[in-house]
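Chemist: Build the 3D model from these lines:
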Amino acid sequence: MFIQLNNNQYRISRNMLVRFRTDGVINHRTVVVAKVLTFRCGNDLIYADGNNWLALGKVIGSSTDVGRLCCKFKRRKGYKRVYGYRNVITMVCFTKIIRV
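Modeler: Here you go, the predicted model:
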């Protein structure tokens, strides 16, 4: 299944779990609604035309993804630089596909 959420496209595996970056807006009580682009129903591959299909998901957890975080400093000088980034990664389990 391929979905579109916040102008990004995601491929969802068979266990219906997806990890995506958030901006801190989504908390553990939020139901995530995404537009379905294509999905498989039995042996048929269904291409969603327009905004007719929606996927409903539930947030099951979040973590912080650290990418190459390093620090430079000089002792007794007050000089400190931090390079890298931290992203909030949210795990969502999609349970239903509905037609609007």
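
Chemist: Please count neighbours and contacts with C-alpha atoms only from this point.
Modeler: Noted.

Chemist: which stretches of the protein have low pLDDT?
Modeler: Scanning the chain for pLDDT under 70 picks out 22-29, 49-51.

Chemist: so where do the strands sit in it?
Modeler: Listed in chain order, the strands of the chain (DSSP state E) span 2-5, 8-11, 17-22, 31-41, 44-47, 53-74, 79-99.

Chemist: Next, format the ones you listed as JSON lines and append mean neighbour count.
Modeler: Compiled in JSON lines, those are given as follows (neighbours: other CA atoms under 10 Å):
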{"stretch": "strand 2-5", "mean neighbour count": "17"}
{"stretch": "strand 8-11", "mean neighbour count": "14"}
{"stretch": "strand 17-22", "mean neighbour count": "16"}
{"stretch": "strand 31-41", "mean neighbour count": "17"}
{"stretch": "strand 44-47", "mean neighbour count": "12"}
{"stretch": "strand 53-74", "mean neighbour count": "14"}
{"stretch": "strand 79-99", "mean neighbour count": "14"}
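
Chemist: contacting residues for the residue nearest to the spatial centre of the chain?
Modeler: With distances taken as CA atoms, centre = their mean, Phe20 lies nearest the centre of the chain, 1.9 Å away. Taking CA atoms under 8 Å, 6 or more residues apart in numbering as the definition of contact, the neighbours of Phe20 are Ile89, Thr90, Met91.

Chemist: now, which of those residues sits nearest Met1?
Modeler: The shortest separation between Met1 and any of the contacts of Phe20 is 16.2 Å, and it belongs to Met91 (by CA to CA).

Chemist: Skipping its backbone neighbours, what lies nearest the closest one in space?
Modeler: Spatial nearest neighbour of Met91, excluding adjacent residues (CA to CA, 6 or more residues apart in numbering): Arg19 at 4.7 Å.
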